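Engineer: Build me a model:
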Amino acid sequence: MRRRLLLASSLIAASLLAACSLLSPPSYTLSAADMQAIVAKSFPRSYPLLGLLQLDVQAPSLQLLPETNRIQATMSADMSGKVLPHRLDGSMVLDFALRYSPADHSLRATQVQVRALQMTGLPESMAVMLQAYAPRAAEHAMEDVVVHTLRQEDLDRLDKAAELPATFKVTAEGLRIDFVKPQDAK
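Structural biologist: Sure thing, here's the model as predicted:
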């Protein structure tokens, strides 16, 4: 009798767990290393500044910022141009949030904020100009960089996008992507 009761309660618990997994929205976590590899495909990049300078940026090193739900990117940058005697080395640190683009099922950088931009050996007058104009240009240029495109297996599982991403949460483990059915999103 006890054995039957134990077996019945185990079956009920297993059924409830299976039902909960069917009801909960699908999700997965994209590791920091995976994001790093994806973002690296968009670099190196070159940005003209005021028609006088060129800023060349290499692939960033990403750091997860779970406390603000953002991602920080630190990258090396080189500057050259007509008004410089030689190529200058430097670095740029920025952070960004994410947005979903339904057109190509991608997660893209948004709300980009440059935190630091430094060039070694830059004359003082040019350093002032760089600090005044370059951060806005860099923020504009980095806006919409693809951080991740949903995998085909995700789209297949989501029944050809019958479900849409609902939230993106930056965690210590990576980027958690949760999905919800459109009628649940309201």
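
Engineer: so how far is Glu67 from the residue most central in space within the chain?
Structural biologist: The structure's the chain has its C-alpha centroid closest to Val147; by C-alpha atoms, centre = their mean the separation is 4.2 Å. Using C-beta to C-beta, to the nearest Å, one obtains 19 Å as the distance from Val147 to Glu67. C-beta here means a position set from N, CA and C on the backbone, and glycine is covered the same way.

Engineer: Please apply the same query to Val170.
Structural biologist: Counting by C-beta to C-beta, the gap between Val170 and Glu67 amounts to 9 Å.

Engineer: try Ala134
Structural biologist: 27 Å.

Engineer: Show me which of those two is the more surrounded one.
Structural biologist: Set side by side, Ala134 and Glu67 show more neighbours around Ala134, with 23 against 8, by other C-beta atoms under 10 Å.

Engineer: what about the more buried one, which helix or strand?
Structural biologist: Per DSSP states H and E, Ala134 falls inside helix 124-142.

Engineer: The nearest residue to the residue nearest to the centre of the chain once chain neighbours are set aside pairs with what?
Structural biologist: Nearest non-adjacent residue to Val147, counting by C-beta to C-beta, 6 or more residues apart in numbering: Leu107, 4.9 Å away. Judged by DSSP bridges, the bridge partners of Leu107 are Tyr100, His148.

Engineer: Was I right to think Leu107 contacts Val145?
Structural biologist: No - using C-beta atoms under 8 Å, Leu107 is not in contact with Val145; the gap is 10.1 Å.

Engineer: Quick check: mean pLDDT of the strand or helix carrying Ile38?
Structural biologist: The secondary structure element spanning Ile38 is helix 32-40 (assigned by DSSP H and E). Per-region confidence: helix 32-40 scores 88 on mean pLDDT.

Engineer: how far out from the middle of the chain is that helix?
Structural biologist: Mean-position distance between helix 32-40 and its chain equals 9 Å (C-alpha atoms, centre = their mean, to the nearest Å).
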